[in-house]
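Participant: Prediction below, plus the sequence it came from.
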Amino acid sequence: AIRKESERRYPNVEALANDVDNFLTEKPLIAAGDGWVYKTKKFVGRNPVATVSSLVLMIFMIALPIIQFQNQQQIEQERDKALQAGKLAEEQSIIAQKTTDFLVNVLESASPLANKGKNINLEDVLAGAERQLSLGLDDQPKIKGQLTFKLAGIHNHLGDYDKATEYYTKSLKIFESIDDINGQVENLGQLTVVSFWGKDPDKANDYAKQAELLSKQLEDPVQIAWHHIRMVSMDGNMGRAEKVTKRLTETLEMLKAHKIKDHKLLGRIYNDLSVACQSNSLALAYLERALYHAEQHEGKSSPSYFSRLMNKAGKLNIENRKEEAEVVFLQALELAKKLYPEDHPSYAYLIGEMAYLYHDFGRFKQAKKYYEEAVRVFKITKGSKSLLYVLGINNLAYLMEDLGEYDQAEKLFRESLELRKTYFADDPMRVATNTGNLARLLSKMGWYGESQTLLNEAIPVYQKKEREHLGLEIVKLANILKNDPNDSLCQSMDTELT
């Protein structure tokens with residue numbers, strides 16, 4: 001109203017009155033000009049509800065196409081997963097049917113009618129299966145690879161490691177030709193186990209490295225879990241309990257995160273955890289879960305249920321619950337008689353464990369019978385360089401020592417020691433324990449010089465590992481006393497021990 005420029009002042013009193021009225025009603029002032037920001041602010045001030053509603057509507061109209069696009073992408077992804085799952089299920093169904101057809105053909109060709117009335121043994125059946133497999137399914141490599149893998153597994157369970165290795169290698173090459181990662185990882189894992197249980201731990205390590213490298217490409221948690229199980233099999237038998245426990249615990253967490261309830265898989269994991277677990281009470285809890293999953297998967301008359309019963313009995317024995325252990329062992333024995341012939345490795349393993357129990361009970365006659373039978377079967381089925389044979393002759397050597405049959409015990413301890421040096425080259429403690437056992441026996445036999453030499457090898461390993469070795473020190477003192485009671489070292493040792 002008081003601007004110097006005439007064009008910037010109100011032209012009359014009526015215009016000024018209108019602007020005062022505009023101010024009071026939140027309308028744009030004539031004096032403020034016609035800038036869009038100013039007019040917008042005034043409009044919002046006069047119509048807050050309508051403005052907010054319009055803004056929300058505008059945001060919704062913008063966001064709607066984006067949300068629809070994202071939903072469409074998610075639907076397409078779910079559809080692709082469903083199609084992939086359907087394709088996989090169809091593929092597995094075809095493999096199962098082809099496997100059934102293959103087995104039917106094998107059994108028909110192995111019947112006495114097809115062989116002029118001649119009796120057919122298992123070796124003949126397997127030979128027929130191998131011939132049929134070698135001549136067909138070249139146009140379906142995945143199915144041929146799976147069947148070759150199954151055939152290798154049969155040889156593995158029979159203890160024919162050379163044949164198992166041959167067929168796992170064939171299966172591996174088939175899966176390599178079609179770039180099937182899981183098939184390759186499975187075969188490399190089994191080759192690791194077979195090589196270790198056979199007689200070639202160096203080759204087992206090589207296969208394990210290849211399997212670990214390829215497994216990084218796996219995405220299916222179930223496939224990853226089975227790979228972990230195959231890998232810890234060797235670790236467990238090498239005494240790497242902490243490594244086994246850590247890996248299997250992580251595997252369980254992964255399966256829980258993916259809500260996977262596979263009874264066969266979970267039962268195997270809990271069983272392996274029980275073997276590696278340092279706490280017997282926790283191990284027994286794991287075994288109860290393992291037995292539950294085995295029953296859910298195959299029932300109580302199955303090899304997996306049998307093996308877990310046997311493990312439970314072994315843990316009860318370690319817990320010094322020997323009467324309970326014997327009851328469970330006898331349950332396992334009844335089941336074993338239904339499942340296996342007496343020359344089967346699983347049957348032999350059971351009676352070897354029962355021999356250990358009877359050894360502790362002081363029932364030496366029964367223990368000797370079972371130990372000797374188990375060692376005989378392991379030698380036939382697994383070979384004289386297999387780990388089961390190594391452990392079996394070591395247990396038998398202990399019993400022979402307790403029976404006073406020192407010559408036989410010495411022979412067995414020496415054989416066990418040489419084989420342990422191969423199997424446990426990277427686990428000196430397991431070699432040292434056997435070395436100490438032989439040293440103790442030789443001292444009893446009056447061979448003090450050799451006994452002392454062996455003690456000088458074993459005791460430093462015990463000291464380095466901070467393991468109790470008082471028994472070995474006593475043997476060492478006994479050797480010195482027998483050789484020279486006045487020896488100065490003897491006097492110092494006597495002082496240390498007292």
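Facilitator: Perfect, I can see it now. Numbers count the residues shown, from 1 in each chain.

Participant: Tell me, how many residues neighbour Glu219?
Facilitator: 8 (other CB atoms under 10 Å). Bear in mind the C-beta positions are built from the backbone N, C-alpha and C, glycine included.

Participant: and it, helix, strand or coil?
Facilitator: When classified by DSSP: H, G, I helix; E, B strand; the rest coil, Glu219 comes out as coil.

Participant: What residues of the helix or strand where Leu287 lies count as buried?
Facilitator: Per DSSP states H and E: Leu287 is located in helix 280-298. Neighbour counts over helix 280-298 (16 or more other CB atoms under 10 Å) mark 280, 283-284, 286-287, 289-291, 293-295, 297 as buried.

Participant: Now do the helix or strand just after that helix: which elements does it pack against?
Facilitator: As assigned by DSSP H and E, the chain's next helix or strand after helix 280-298 is helix 303-318. In this structure, helix 303-318 packs against helix 263-276, helix 280-298, helix 322-339, helix 345-361, with contacts taken as 3 or more CB pairs under 8 Å, 6 or more residues apart in numbering; DSSP states H and E.

Participant: for Ile393, what are its contacts?
Facilitator: 375, 412, 415-416 (CB atoms under 8 Å, 6 or more residues apart in numbering).

Participant: Name the nearest of these relative to Tyr207.
Facilitator: Ser416 (25.8 Å; CB to CB).

Participant: Would you mind measuring from the closest one to Phe306?
Facilitator: Noted for Ser416: a distance of 27 Å to Phe306, by CB to CB, to the nearest Å.

Participant: Can you report phi and psi for Asp262?
Facilitator: Backbone torsions for Asp262, taken as degrees, to the nearest 10, come to phi -100, psi 110.

Participant: Kindly state the pLDDT recorded for the residue nearest to it when sequence neighbours are not counted?
Facilitator: Closest residue to Asp262 apart from its sequence neighbours, by CB to CB, 6 or more residues apart in numbering: Val222 at 6.2 Å. The model reports Val222 with a pLDDT of 92.

Participant: what residues are up against Val222?
Facilitator: By CB under 8 Å, 6+ apart, Val222 lies in contact with 255, 260, 262, 265.

Participant: rerun at 7 Å
Facilitator: Each residue near Val222 by CB atoms under 7 Å, 6 or more residues apart in numbering is listed here: 260, 262, 265.

Participant: could you flag which of those residues are buried?
Facilitator: Neighbour counting with 16+ other CB under 10 Å marks 262, 265 as buried within the contacts of Val222.

Participant: and the closest residue to Asp426 other than its chain neighbours, how many neighbours?
Facilitator: Nearest residue to Asp426, sequence neighbours excluded (CB to CB, 6+ apart): Met238, at 7.3 Å. Around Met238 there are 20 other residues, counting by other CB under 10 Å.

Participant: what's the answer for the one 5 residues further on, then?
Facilitator: Applying the criterion other CB under 10 Å, we find 15 residues in the vicinity of Lys243.

Participant: Now do the SS call for the residue lying closest to it once chain neighbours are set aside.
Facilitator: Leaving aside its chain neighbours, Lys243 sits nearest to Asp235 (5.1 Å; criterion: CB to CB, 6+ apart). Put simply, Asp235 is helix when judged by three-state DSSP.

Participant: Surely Asp235 touches Thr245?
Facilitator: No - Asp235 is not in contact with Thr245 according to CB atoms under 7 Å; the separation is 9.9 Å.

Participant: name the element the most centrally placed residue in the chain belongs to?
Facilitator: Nearest residue to the geometric centre of the chain (CA atoms, centre = their mean): Ile229, 1.5 Å. For Ile229, the host element (DSSP H and E) is helix 221-237.

Participant: ok and that helix relative to helix 263-276, angle-wise?
Facilitator: Angle, helix 221-237 to helix 263-276, by axes from the mean of the first three to the mean of the last three CA atoms, to 10 degrees: 20 degrees.

Participant: Can you list the helices and strands that the helix or strand just after helix 221-237 packs against?
Facilitator: Next along the chain after helix 221-237, taking DSSP H and E as the criterion, comes helix 241-257. Packing partners of helix 241-257 (3 or more CB pairs under 7 Å, 6 or more residues apart in numbering; DSSP states H and E): helix 221-237, helix 263-276.

Participant: between the longest one and helix 241-257, how big is the angle?
Facilitator: If you take the same axes, to 10 degrees, helix 221-237 sits at 170 degrees to helix 241-257.

Participant: where are the low-confidence patches of this structure?
Facilitator: For the chain, residues meeting the criterion pLDDT under 70 lie at 1-52, 54, 56-57, 60, 64, 77-78, 80-138, 159, 199, 482-498.

Participant: rewinding a little: hmm, Ala425 and the residue nearest to Asp426 touching each other?
Facilitator: No - between Met238 and Ala425 there is no contact under CB under 7 Å: 9.9 Å.

Participant: of the buried residues of helix 280-298, closest to Gln331?
Facilitator: Taking these together and measuring to Gln331 by CB to CB, the closest member is Leu291, at 11.2 Å.

Participant: Which residues are in contact with the closest one?
Facilitator: Leu291 neighbours (CB under 7 Å, 6+ apart): 305, 308.

Participant: one step back: could you measure the residue nearest to Lys243 against Ser443, distance?
Facilitator: 35 Å.

Participant: repeat for Asn479
Facilitator: Distance check for Asn479 against Ser443: by CB to CB, it reads 6 Å.

Participant: Now do the shared contacts for those two.
Facilitator: Listed as contacting both Asn479 and Ser443 by CB under 7 Å, 6+ apart are Ser451.

Participant: how near is the nearest residue to Val390 once chain neighbours are set aside to Lys150?
Facilitator: Nearest residue to Val390 in three dimensions, chain neighbours excluded: Leu419, at 4.4 Å (CB to CB, 6+ apart). Distance, Leu419 to Lys150, by CB to CB: 31 Å.

Participant: okay, the two: which has more neighbours?
Facilitator: Leu419 (21 against 16).

Participant: so the more buried one is in which element?
Facilitator: Short version, using DSSP H and E: Leu419 is in helix 406-423.

Participant: What residues sit buried inside that helix?
Facilitator: By 16+ other CB under 10 Å, the buried positions in helix 406-423 come out as 406, 409-410, 412-417, 419-420, 423.

Participant: From those residues, pick the one nearest Lys216.
Facilitator: Using CB to CB, those come closest to Lys216 at Tyr423, 28.5 Å.

Participant: dump the residue contacts of Gln408.
Facilitator: Gln408 touches Met400, counting by CB under 7 Å, 6+ apart.

Participant: circling back: show me how far the helix holding Leu419 is from its chain's centre.
Facilitator: Counting by CA atoms, centre = their mean, to the nearest Å, helix 406-423 is centred 30 Å from the centre of its parent chain.

Participant: In terms of secondary structure, what does whatever helix or strand comes next after that helix contact?
Facilitator: Of the helices and strands lying after helix 406-423 in sequence (DSSP H and E), the nearest is helix 428-444. Where contact means 3+ CB pairs under 7 Å, 6+ apart, helix 428-444 is packed against helix 406-423, helix 448-464, helix 470-483.

Participant: which residues touch helix 428-444?
Facilitator: Counting by CB under 7 Å, 6+ apart, residues outside helix 428-444 touching it are 239, 394, 401, 406, 409-410, 413-414, 416-417, 420-421, 424, 450-451, 454-455, 457-458, 461-462, 465, 467, 472, 475, 478-479.
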